[in-house]
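J.: quick one: sequence plus predicted model below, questions after.
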Amino acid sequence: MPHRTGPRPAVSWTIPQQQESQTAPVELQERLYEHLRSLRGVETGPSRISVPGARGLVLHEGSEDPQAYLVAEVGEFAHLHPAHDGSMHLVLPADLAADVSAKGWGRPHMWAGTRLSPGFMMVFGPRDEAELAVVRGIVEASHSYASGAPALAV
């Protein structure tokens, strides 16, 4: 995974955690969502843990590890925030979550490892085509984790 260029966006440290600057263009957000919907076994609907308007990604058959999900009871492994924000939350294995954070693509949720899964991450919305490709790879790694498949390298 390459390093994300430029400064990190501003992110709230209150609940709900939101991206406050460098918002992804709506067209890229929609292309990302269409890609997410196409992943094997994914169903979409309102998020069970996020703000109104957030679109949840659910797997009904996947890992039995509750740490692989945002909301294990319903199989929600990721959600895309509304257009004014453009970021997303997802869960990654700890080593990949650390890599995403170290390379500037996201940051851990403030409750990760306490009230939430240790790999619960905010991933910043993509600003351009190259970033869209990287964010797709990060989401595919989260999908792989929730599916119970071997972790993908991003």
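T.: Now that the structure is in, tell me what you want to look at. This is a predicted model, so every value here is computed, not measured.
J.: neighbours around the nearest residue to residue 8 once chain neighbours are set aside, how many?
T.: Spatial nearest neighbour of residue 8, chain neighbours left out: residue 104 (5.9 Å); criterion: Cβ to Cβ, 6 or more residues apart in numbering. Bear in mind the C-beta positions are built from the backbone N, C-alpha and C, glycine included. Neighbour count for residue 104, taken as other Cβ atoms under 10 Å: 17.
J.: next: residue 143.
T.: Residue 143, neighbours per other Cβ under 10 Å, totals 22.
J.: ok, it - contacts?
T.: When contacts are counted by Cβ atoms under 8 Å, 6 or more residues apart in numbering, residue 143 touches 39, 40, 42, 57, 59, 77, 78.
J.: just the residues you listed now: which is nearest residue 33?
T.: The shortest approach to residue 33 among those belongs to residue 57, at 9.1 Å (Cβ to Cβ).
J.: now the closest one: closest residue in space that isn't a chain neighbour?
T.: residue 78 (4.5 Å).
J.: the one you found: what secondary structure?
T.: Judged by DSSP: H, G, I helix; E, B strand; the rest coil, the three-state class of residue 78 is strand.
J.: what's across from it in the sheet?
T.: residue 57, residue 90 (DSSP bridges).
J.: how about the contacts made by it?
T.: 36, 56, 57, 70, 88, 89, 90, 91, 139, 142, 143, 146.
J.: what separation do you get for it and residue 50?
T.: 10 Å (Cβ to Cβ, to the nearest Å).
J.: any common contacting residues for those two?
T.: Common neighbours of residue 78 and residue 50 (Cβ under 8 Å, 6+ apart) are 56, 89.
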